[in-house]
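S.K.: Show me the folded form of this:
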Amino acid sequence: MDKVSTIEGRAIPLGLKNIDTDVIIPAHWLKTVSREGLGKGAFETIRQTPGNPFDVEDFAGAPILIAGDNFGCGSSREHAAWAMLDLGLRAVIAPSFSDIFAGNAFKNGILAVELPQEQVDRLLEVAKVSPITIDLENQVVTTPFQDRFAFDIDPFRKLCLLEGLDEIGLTLKRDEAITTHEEQRAGSLPWLDAPQHNRRDAA
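M.R.: This is a model prediction of the structure:
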């Protein structure tokens, strides 16, 4: 996955609470196993409402979404993270997230930033007129108006996002140690790598 360090740009000021994964990507879009094209269905029901923030020209291509409490609740569909990425979103700021969604977001390279409601409210106002910057390295969200909001993140998740490491990447990072182990095992337990005989050969 792509590395995440600094995310800067306009932020979509959604602000709604309890946005579940069926709102993020409706069930009828789940017939595909591809990650591509799901952005067309992302937040479909909200985007059908005239004047919704997703269709405001100023927010076209915005990399940040600002949401309300309990974002990503509901079913555990990973398609929700895929759809958001396909829409161009790299980070979500909210007062709280569903644990399952936060996990799926992290595994797909989306930064989930938890901030107190009053700070989220401030960012919702700023987002209407100005860009927002999320600095993962220093764990801070800033605005052009000298706002500076620190956030917490699990150190392991921070490292993975900064280095662009998903589960496969983490495994490949240990390639040398894995190779060394396999070579040592082959020397001490050679029968584990021997061809398997079928019953006729064994007889």
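S.K.: Tell me which residues touch the closest residue in space to Ala62 that isn't next to it in sequence, please.
M.R.: The shortest distance from Ala62 to any non-neighbouring residue, by C-beta to C-beta, 6 or more residues apart in numbering, is to Arg10 (4.3 Å). The C-beta positions use only the backbone N, C-alpha and C, and glycine is treated the same way. For Arg10, the contact set (C-beta atoms under 8 Å, 6 or more residues apart in numbering) comprises 58-59, 61-64, 127, 131-132.
S.K.: if you set the cut-off to 6 Å instead, what comes out?
M.R.: Under the criterion of C-beta atoms under 6 Å, 6 or more residues apart in numbering, the contact partners of Arg10 comprise 59, 62, 131.
S.K.: ok, the nearest residue to the first one once chain neighbours are set aside - how many residues close by?
M.R.: If you skip the residues right next to it in sequence, Phe59 has Ile12 as its closest partner in space, 4.9 Å away by C-beta to C-beta, 6+ apart. By other C-beta atoms under 10 Å, 25 other residues sit near Ile12.
S.K.: Switch the contacts of Arg10 over to TSV; also include pLDDT and neighbour count.
M.R.: Supplementary listing: the contacts of Arg10 in TSV, determined by pLDDT from 0 to 100; neighbours: other C-beta atoms under 10 Å:
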residue	pLDDT	neighbour count
Phe59	96	20
Ala62	97	23
Pro131	98	16
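S.K.: Reformat those as a markdown table; add secondary structure and distance to Leu30.
M.R.: Written out in a markdown table, the entries for the contacts of Arg10 read as follows (DSSP: H, G, I helix; E, B strand; the rest coil; distance: C-beta to C-beta, whole Å):
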| residue | secondary structure | distance to Leu30 |
| --- | --- | --- |
| Phe59 | helix | 26 |
| Ala62 | coil | 25 |
| Pro131 | coil | 33 |
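S.K.: Reformat those as a markdown table; add distance to Gly41.
M.R.: Shown next, in a markdown table, are the contacts of Arg10 (distance: C-beta to C-beta, whole Å):
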| residue | distance to Gly41 |
| --- | --- |
| Phe59 | 18 |
| Ala62 | 18 |
| Pro131 | 27 |
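S.K.: helix, strand or coil for the residue lying closest to Asn70 once chain neighbours are set aside?
M.R.: If you skip the residues right next to it in sequence, Asn70 has Asn18 as its closest partner in space, 4.9 Å away by C-beta to C-beta, 6+ apart. Put simply, Asn18 is coil when judged by DSSP: H, G, I helix; E, B strand; the rest coil.
S.K.: okay, Asn18: pLDDT?
M.R.: As predicted, Asn18 sits at a pLDDT of 97.
S.K.: Same check on Asp22?
M.R.: So Asp22 comes in at 96 (pLDDT).
S.K.: what helix or strand is it on?
M.R.: Secondary structure here is read from DSSP states H and E; on that basis Asp22 sits in helix 21-24.
S.K.: immediately after that helix, which helix or strand?
M.R.: The next secondary structure element downstream of helix 21-24 (using DSSP H and E) turns out to be helix 44-47.
S.K.: count of neighbours near Asn104?
M.R.: Other residues within reach of Asn104, judged by other C-beta under 10 Å, total 22.
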